[in-house]
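Chemist: Here is the input, now give the coordinates:
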Amino acid sequence: MSNFLFCESSPNLGGQELQILLQMQALTQAGHRVLLACKASSRIAAEAERNRLPWQAVGFRNSLHFPSIAALRSLMHRHAIDIALCHSGHDANNLAMAARLASRRPRLIRARTYQPGLPKAISYNRLVDRTLVPSEYLRTRILANPAIRPERVAVLRPLLDLAAIHRQAEQALPSELAEVLADAGPVIVQAAMLRPEKGHRVVLAALPALCRQYPRLKLVLAGAGPEERVLREQVAALGLDGHVHFAGLLVPVYPLLARADLVIMPSLEEPLGLSQLEALALGVPVAVSNTGGLPETVTANETGWLIAAGEVDAWRDGLADALADPARGKAYAARGRRFVEEHYSASAHIEALMAQIALA
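Modeler: Residues are numbered from 1 along each chain as shown. Take a look at the predicted model:
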């Protein structure tokens, strides 16, 4: 069994922080020992405490914070750390320095969920031993810099807590949302931050023709973000007020996914995406853009619909096709559920993680 140190400098609680907590829980269940280093006031610290996961406060004030480096070095020594995992620039840089000052250097693994611009080779070739990314698409983007050694970057599919997804999907919807959906159908759901790259505008532009065919159609947008005002204006301009509902940020979102007839991800750019996988885990049909890492999660005409990213006509026709044949959608989703259970379970994730660590 191994001793793991997770480092997270963010004060927030998003997808990466939740993934760390899931990894810690899965590793603990597999018999390993885990420890989280994070800011004392961070939301991940509160969640770790709530889930009875061990954590230690580290300042992480900047990317070269000497008190943080000293604290991490001390944790490595006291807990005999074998493997240290990091994510963002601040925790990665401090961890890398601490490891090189430690009397017994652990293997350094970094998770990378996005890559803006052309990456610097030194951060991949020298900073850490191995960088793990969620999709082959993102790995290819990183290796666009020919100076980066390909063996230093590998794909690790994210971990989904399938039992929790099913358990929480049985919870009741918020009363207002339940009332909105009481006599609606079909119900289309998009669960994503309201940002331009998520493709909400494309779907809204495709919706009027579908609403004429399905007078009780309801599109539920679950999420928050800077695009909300623009999207509300588009809804009003298209006369879709009775067909589009802004649900805000829903935690958990699984009861809404379970209520959907179709879950969509019309992103213009997406390293991987999770809501389509969560929907498939629940046996709900999905339609996604054919861009980024999304085709790695959904196979056209086998586990869902792949639709041309950013093309309004393609999304209008693709959604019409999906809504016209619910039985086919359910058959796709059943195959998709088996795919998710095989590749995104805790056991599959930990097995793949340990294999990557062995290669580092």
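Chemist: residue at max distance from the center of the protein?
Modeler: residue 103 (35.6 Å; CA atoms, centre = their mean).
Chemist: That one and residue 94, how far apart?
Modeler: 18 Å (CB to CB, to the nearest Å). For every residue, glycine as well, the C-beta is placed using N, CA and C.
Chemist: and residue 56, helix, strand or coil?
Modeler: Here residue 56 is recorded as strand under DSSP: H, G, I helix; E, B strand; the rest coil.
Chemist: For residue 167, see how far away it is.
Modeler: From residue 56 over to residue 167 (counting by CB to CB), the distance is 30 Å.
Chemist: Settle it for me: which of the two has more neighbours?
Modeler: residue 56 (18 against 12; other CB atoms under 10 Å).
Chemist: In contact with the more buried one: list those residues for me.
Modeler: Going by CB atoms under 8 Å, 6 or more residues apart in numbering, residue 56 touches 35-37, 71, 75.
Chemist: and the gap between it and residue 48?
Modeler: 10 Å.
Chemist: Also residue 103?
Modeler: Counting by CB to CB, the gap between residue 103 and residue 48 amounts to 27 Å.
Chemist: Can you tell me the centre-most residue of this structure?
Modeler: Compute the mean C-alpha point of the chain, and by CA atoms, centre = their mean the closest residue is residue 274, 4.6 Å away.
Chemist: these two touch, right, that one and residue 158?
Modeler: Yes - using CB atoms under 8 Å, residue 274 is in contact with residue 158, at 6.8 Å.
Chemist: re the thing from before, neighbour-wise, which of the contacts of residue 56 leads?
Modeler: Going by other CB under 10 Å, residue 37 tops the contacts of residue 56 with 26 neighbours.
Chemist: Okay, and that one sits in which element?
Modeler: strand 33-38 (DSSP states H and E).
Chemist: Can you tell me what sits against that strand?
Modeler: 1-9, 20, 24, 27-28, 44-45, 48, 53-58, 60, 71-72, 75, 79, 81, 91.
Chemist: JSON lines for the contacts of residue 56, including pLDDT?
Modeler: Listed next are these as JSON lines, based on pLDDT from 0 to 100:
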{"residue": "35", "pLDDT": "98"}
{"residue": "36", "pLDDT": "98"}
{"residue": "37", "pLDDT": "97"}
{"residue": "71", "pLDDT": "97"}
{"residue": "75", "pLDDT": "97"}
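Chemist: Closest one to residue 206 out of those residues, please.
Modeler: residue 36 (43.4 Å; CB to CB).
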